[in-house]
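>>> Here is my input; please provide its structure:
(one chain, ligands or ions: 2)
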Amino acid sequence: MLPHQQNGHKSKVLVFGAGNFGSCLADHLGDSSHTVYMWSRSENLVNHFNQHHRNPEALQDHLFAESITAVGPEFPSAELVQRMDVLLFAIPTEGVRETLTALKPTLEGGKVPLLIFVNKGIETKTHALTLEIIADTCGPEIAKVATFISGPSFAKEIVKRQPTSVSVVSLSAEHAQQASQLFHQPWFRCYTGDDPIGVELAGALKNVYAIAAGIAAGLGFENNTRAMLITRGLAEMTRIGTAYGASPLTFLSLAGVGDLFLTCSSKTSRNYTVGYRLGQGEKLEHIIKTLGSVAEGVTTAKALKAVVDELGVTAQIASGIYDVLYEGRDVEERANELLSLPPNRELDLSEGGKPAQRLMEKLGLTPEV
Ligand SMILES: NC(=O)c1ccc[n+]([C@@H]2O[C@H](COP(=O)([O-])OP(=O)(O)OC[C@H]3O[C@@H](n4cnc5c(N)ncnc54)[C@H](O)[C@@H]3O)[C@@H](O)[C@H]2O)c1
Ligand SMILES: O=P(O)(O)OC[C@H](O)CO
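Ligands and ions are numbered 1, 2, ... in the order given. Sure thing, here's the model as predicted:
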């Protein structure tokens, strides 16, 4: 149990990442009177935040809870980390391995705080999910208790206390419950589950389909096309997920269709925006340079190509996005190619599960997910 659950004390939380989602979640917890530290690599951000309770790089209109202290730009000290009940990671997947490697010496030997991850991606170099990155860097015992929060959750709306619901999952039901209790509020509802592989895949893959939905809108396609993309995207991500070894039901959850629907339907999504701007004829390099924050679907599309090839699964939409982002294919021509493919059986699930089995074996668990 976390200290605040045992005796009414509030928790001490250190958030890694001071971008849109890190600062939004810091605010959510700080508002509930937890003691919150937020690490940023930017000295300017740290100084500005501590002086004005505003983030100069994200959610600029928001006045943040006073119980948040920004720390950095140096990596948080072992002394600070060891005082924490919770470490919350709100950095892109590409930075998780480096951050956990730096933390590992501090986590060794001492009490392990509750570890919560909110990134949504697949690592490009290794094609690993975050669960595997945690196992590689900190060992299987820590991976087994790591918790993942995912679902339809735009930071911009959470800071306005708009009702939001998320999936909170871990291989340890107890840790998922603890994370859920930490975050749960009437406007922020936490539903627990135990399929971190499925939830991670759903969160990562929906970003790729959001790029597709954005492209369609940028090319001038309207609502029918978007509905088709969301539905066929859901079928495709469920097929990939089950071939990987995840539960197909997970793709019907908040972290699955919930987040897919949100991200494919709004320009608030960075991934949708990347697609929209591609559809309008802008170059990827320019879009990434001027977007102002991360769109994880861009790197995930590359890793996903390798995952799909290894699984031998048909993933026509994901493959089209890969071709546009990494093979220099013309966006309109590739979209028309996709549209001219003959429709196949509407629903089918691939059998398999080898990647999840390998990951469970790495964690010393039976190969069932
Ligand atoms: N913004 C949202 O609404 C939202 C919602 C749910 C999940 N997420 C996920 O949360 C993660 C962070 O998203 P965001 O919106 O805060 O992005 P962002 O671009 O606004 O901020 C990213 C933060 O991570 C830091 N960072 C980047 N690379 C790093 C590295 N290698 N090491 C340490 N820190 C690094 C940046 O400096 C920045 O503070 C992403 O994986 C995103 O998919 C975002
Ligand atoms: O802005 P996006 O596309 O990264 O989406 C943010 C969140 O993942 C939505 O749940």
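
>>> Which parts of the stretch 101-250 of the chain are helices?
Along the stretch 101-250 of the chain, the stretches classed as helices by DSSP state H, counting those that start in this stretch are 130-138, 140-145, 155-158, 173-183, 196-218, 223-244.

>>> for the fifth one, the distance to its chain's centre please.
When you say that, I think you mean helix 196-218. Mean-position distance between helix 196-218 and its chain equals 10 Å (C-alpha atoms, centre = their mean, to the nearest Å).

>>> that older thread, out of the helices of the stretch 101-250 of the chain, nearest to T69?
For T69, the closest of the helices of the stretch 101-250 of the chain is helix 173-183, at 18.2 Å, according to C-beta to C-beta. Using the backbone N, CA and C atoms, a C-beta is placed for each residue, glycine as well.

>>> does ligand 1 sit close to that closest one?
No: no part of helix 173-183 sits close enough to ligand 1 to count as contact by C-beta under 6 Å from any ligand atom; the gap is at least 12.6 Å.

>>> Just the buried residues of stretch 92-99, please?
Taking 16 or more other C-beta atoms under 10 Å as the basis for neighbour counts, the residues of stretch 92-99 that come out buried are 92-97, 99.

>>> pLDDT of stretch 221-228, averaged?
The average pLDDT within stretch 221-228 is 97.

>>> Now do that stretch: everything it contacts.
In this structure, residues lying in contact with stretch 221-228 by C-beta atoms under 8 Å, 6 or more residues apart in numbering are 213, 216-217, 264-265.

>>> neighbour-wise, which of those leads?
A213 (31 neighbours; other C-beta atoms under 10 Å).

>>> ok now do the closest residue to ligand 1 within the stretch 151-300 of the chain, which residues does it touch?
Of all residues in the stretch 151-300 of the chain, the one sitting closest to ligand 1 is S293 (3.2 Å; C-beta to the nearest ligand atom). S293 sits next to 19-20, 58, 270 when contact means C-beta under 8 Å, 6+ apart.

>>> just G22 next, same as before
Contact partners of G22, counting by C-beta under 8 Å, 6+ apart, are 15-16, 38, 88, 90-91.

>>> V96 now?
With contact set as C-beta under 8 Å, 6+ apart, V96 has these partners: 89, 117, 119, 123, 130, 133-134.

>>> at 6 Å what do you get?
With C-beta atoms under 6 Å, 6 or more residues apart in numbering as the criterion, the residues that contact V96 are 130, 133.
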